[in-house]
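Engineer: quick one: sequence and predicted model below, then my questions.
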Amino acid sequence: MEQPEDEHEPKEMPELPNLDKWDRVVMRMAPFPSGPLHIGNARMVILNDYYVKRYDGELILVFDDTIGSDEKQVEPEAFDLIREGLDYLGVNVDRTVYKSDRLELFYRYAVDLIKREEAYVCDCDPSVWRNEHKVKGKACACRRLSVEENLKRWEMMLDGTYPEKGAAVRLKTGMDDPDPAMRDHVILRISETDHPRVGTKYRVWPLLEYSWGIDDHELGITHIIRGKDLVKEGKIEQHIWSIYGWKHPELLYYGRLKFQDATLSKSKSRQEVLSGAYTGWDDPRTWSLQSLERRGIHADALRKAMLDLGLSIVDISISMKPVYAENRSLRDEEAPRFFFVEEPVWSHLQGLPPDLDTAHAPVHPDFPQRGVRNIPLYPKKLNPEAPVIVGLPERDYEGFKSGDLIRLKDLANFVVERGDPPTLQYDSKSVEEVREADGPIIHWIPENSVPTEIVLIDGSIASGLGEPDLRSVEVGTFLQFERFGFGRVYEKDEIVRVAFAHK
RNA sequence: GCCCCGGUAGUGUAGCUCGGCCCAGCAUCUCGGACUUUCGAUCCGACGACCCGGGUUCAAAUCCCGGCCGGGGCACCA
């Protein structure tokens, strides 16, 4: 097949296997609703979305909201947060399913598996079973129980006779399996935890591998792409599919992602968001999709970076730099330029020619047709005697010596005179002079500049002043502060607030 | 302890199924240079890898064996 070469398209991904076995590709995304999707979940989402779009298939969003555990709990607000993240990524979901709506289905199959003698109700103490039976590969007495006895026990699980952990349904995957991980795994257990959607309606809950063994078939899933932490679960699913003679969906696994420049912890983020230490789920330290959106990271930058990883099952450690590089190439063109000075060193301008009262800087240097920003030097028109003052970046000023020739970008060249206050003596207008002297060209701000705060990636805030035109910028604008970096305006009142994206 | 998976430049990836066109392609990073009134963009260039050892073969990154290294599983979590 001929693939058109388009350098803007992500790398060509491999074909999905055994396409001819299925009428139409049906895939699913199954986040556990404990919080918003973060960059680590993006791979799962993007991969599934990519293949569904490629084959014009169907994508089902399945909220994997079984009861979880003490460490992993369903959080009610997560459902909407997840949808928000999917919207940002541009994922179209054809259908949404909640695991917690399907308990009756899992119960029916549980009874059927018991009747087929493929499963049994085990009331052994979990640690005893682990140490005496799983490790040694020896079946417990429960395994030999009659169907009748098992069904009776099953009812006792449902009606509350058994307490939590008092009994569980085990699937007969085989006590003689060489892999201890595969020996008669629990597929349903008792939990009386309150569920955000269905409350205490059910006290018997399926485990992930079991619910998927049933649902991947019931939902008509043809291809499953998920993290390799689920390969054991995949094997158990295959065991279930074989019992029923169902056609096996294709299983694809990818490795875990580690980010060199980000620490991801949904539970820590949750804690910090709740305590107010983080400003919300869009705090950059959460690395949530919301936070990336706020920073102006284009969904396609994320998409390309994720697809560039391919489908390798190896665990990988990646950097955000490719994402940033892609984002820059996607958004640099649209980004208007502004000056921002973090800790201005206020300096007096002297000897300005009378006609030099405003600086004109291009909105975007590569597109002169987009016009100029005007930076007036004389805000105090009523008091012509007042000195003209500009703010310089402290970092630059520190490196200057008296007598240095520097250029205020888009204005003129000056000779530095260090002091308190520092003064800048007008020298010349054109850029050639400073070039010859090999002097620095720095950005600056005039007196009537706009209070501006930039939220950095580590959550700290760079506060300073932005040039006057920043006042008219709209919320949502992706911009560049010259010699500082790119960011997106996310809020504006007296202060313009920008989320830093990248250099 | 048992089981599974994997090892291509700093990082990520292509190639490995069907050995030769691979003295290994691409991206990113880094470093030079050009250009530019930004530490942005653009252009040019450079650096840099098939884990090791055997074997099969006319020929191996690709197949086989051993070793080493790395990751994961062994929950009444997802």
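Structural biologist: That came through fine. Residues are numbered from 1 along each chain as shown, chains lettered A, B, ... in the order given.
Engineer: use CA for all of it now, contacts and neighbours both
Structural biologist: OK.
Engineer: for the closest residue to residue A:46 other than its chain neighbours, the count of nearby residues, please.
Structural biologist: In space, residue A:46 comes closest to residue A:303 once its chain neighbours are excluded; the distance is 6.2 Å by Cα to Cα, 6 or more residues apart in numbering. Residue A:303 has 22 neighbouring residues, counting by other Cα atoms under 10 Å.
Engineer: what ranges does the stretch 151-300 of chain A have for its helices?
Structural biologist: Taking DSSP state H, counting those that start in this stretch, the helices of the stretch 151-300 of chain A run over residues A:208-218, A:231-244, A:266-275, A:289-294, A:299-307.
Engineer: run the chain-centre distance for the last one.
Structural biologist: It stands for helix A:299-307. Centroid separation for helix A:299-307 versus its chain: 11 Å, with Cα atoms, centre = their mean, to the nearest Å.
Engineer: if you look at the helix or strand following that helix, does any of it touch RNA strand B?
Structural biologist: Per DSSP states H and E, the first helix or strand lying C-terminal to helix A:299-307 is strand A:316-318. Yes. Using Cα under 7 Å from any atom of the strand, strand A:316-318 comes into contact with RNA strand B via A:316, A:317, A:318.
Engineer: give the contact list for the closest residue to the second one other than its chain neighbours.
Structural biologist: The shortest distance from residue A:317 to any residue other than its chain neighbours is 4.5 Å, reached at residue A:258 (Cα to Cα, 6+ apart). Shown here is residue A:258, whose contacts under the criterion Cα atoms under 8 Å, 6 or more residues apart in numbering are A:40, A:315, A:316, A:317, A:318.
Engineer: quick one, domains of chain A?
Structural biologist: Domain segmentation of chain A under automatic domain parsing yields A:103-207, A:334-503.
Engineer: before we move on, the earlier item: can you put the residues of strand A:316-318 next to RNA strand B in CSV and add neighbour count and distance to residue A:453?
Structural biologist: Below are those laid out as CSV (neighbours: other Cα atoms under 10 Å; distance: Cα to Cα, whole Å):
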residue, neighbour count, distance to residue A:453
A:316, 15, 35
A:317, 11, 32
A:318, 15, 29
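Engineer: any chance of the residues you listed in CSV, plus distance to residue A:367 and pLDDT?
Structural biologist: Shown next, in CSV, are the residues of strand A:316-318 next to RNA strand B (distance: Cα to Cα, whole Å; pLDDT from 0 to 100):
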residue, distance to residue A:367, pLDDT
A:316, 39, 88
A:317, 38, 86
A:318, 34, 88
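Engineer: now, among those residues, which is nearest to residue A:48?
Structural biologist: Nearest to residue A:48 among the residues of strand A:316-318 next to RNA strand B: residue A:316, at 19.1 Å, using Cα to Cα.
Engineer: isn't the closest one up against residue A:306?
Structural biologist: No. In this structure residue A:316 lies outside contact range of residue A:306 using Cα atoms under 8 Å: 11.8 Å.
Engineer: gap between stretch A:318-330 and the chain center?
Structural biologist: 14 Å.
Engineer: repeat for stretch A:84-92
Structural biologist: On Cα atoms, centre = their mean, the centre of stretch A:84-92 falls 11 Å from the chain's centre.
Engineer: likewise stretch A:187-198?
Structural biologist: 28 Å.
Engineer: ok, residue A:215 to residue A:478 distance?
Structural biologist: Computed with Cα to Cα, to the nearest Å, the distance linking residue A:215 and residue A:478 is 43 Å.
Engineer: straight-line length of stretch A:447-462, end to end?
Structural biologist: 19 Å.
Engineer: what residues of it count as buried?
Structural biologist: A:447-457, A:459, A:461-462 (16 or more other Cα atoms under 10 Å).
Engineer: show me where the stretch 351-500 of chain A has its helices.
Structural biologist: A:394-398, A:431-436.
Engineer: ok so, going back, in CSV, list the contacts of residue A:258 along with distance to residue A:472.
Structural biologist: Compiled in CSV, those are given as follows (distance: Cα to Cα, whole Å):
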residue, distance to residue A:472
A:40, 36
A:315, 46
A:316, 44
A:317, 41
A:318, 38
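Engineer: what residues does the stretch 301-450 of chain A put near RNA strand B?
Structural biologist: Within the stretch 301-450 of chain A, the positions near RNA strand B by Cα under 7 Å from any atom of the strand are A:308-319, A:321-322, A:325-326, A:328-329, A:332, A:337, A:364-366, A:396, A:408-412, A:430-431, A:441-442.
Engineer: kindly apply the preceding question to the stretch 51-200 of chain A instead.
Structural biologist: Residues of the stretch 51-200 of chain A lying near RNA strand B (Cα under 7 Å from any atom of the strand): A:64-69, A:71-72, A:122-126, A:130, A:134-135, A:164-168, A:178-181, A:185-186, A:188-190.
Engineer: now intersect the residues you listed with the strands, please.
Structural biologist: The strands, defined by DSSP state E, take in A:122, A:168, A:186, A:188, A:189, A:190 from those.
Engineer: could you identify the most distant pair in these?
Structural biologist: By the measure Cα to Cα, A:122 and A:190 form the most distant pair in these, at 11.9 Å.
Engineer: give the residues shared as contacts by these two.
Structural biologist: In contact with both residue A:122 and residue A:190: A:167, A:168, using Cα under 8 Å, 6+ apart.
Engineer: among the residues of the stretch 51-200 of chain A next to RNA strand B, which ones are buried?
Structural biologist: The neighbour-count criterion (16+ other Cα under 10 Å) marks A:64-68, A:122-124, A:134, A:164, A:166-168, A:180, A:185-186, A:188-190 among these as buried.
Engineer: re the thing from before, out of the helices of the stretch 151-300 of chain A, which one sits most buried?
Structural biologist: Compared across the helices of the stretch 151-300 of chain A, helix A:289-294 shows the largest average neighbour count, a mean of 24 (mean count of other Cα atoms under 10 Å).
Engineer: export it as PDB, just CAs?
Structural biologist: Only the C-alpha atoms of helix A:289-294 are listed here, as PDB (Å, rounded to 0.1, in the frame of the first residue of the first chain):
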ATOM      1  CA  LEU A 289      -4.500  17.000  30.800                       C
ATOM      2  CA  GLN A 290      -6.300  20.100  32.200                       C
ATOM      3  CA  SER A 291      -2.900  21.500  33.200                       C
ATOM      4  CA  LEU A 292      -1.400  20.900  29.800                       C
ATOM      5  CA  GLU A 293      -4.400  22.600  28.200                       C
ATOM      6  CA  ARG A 294      -4.000  25.600  30.400                       C
END
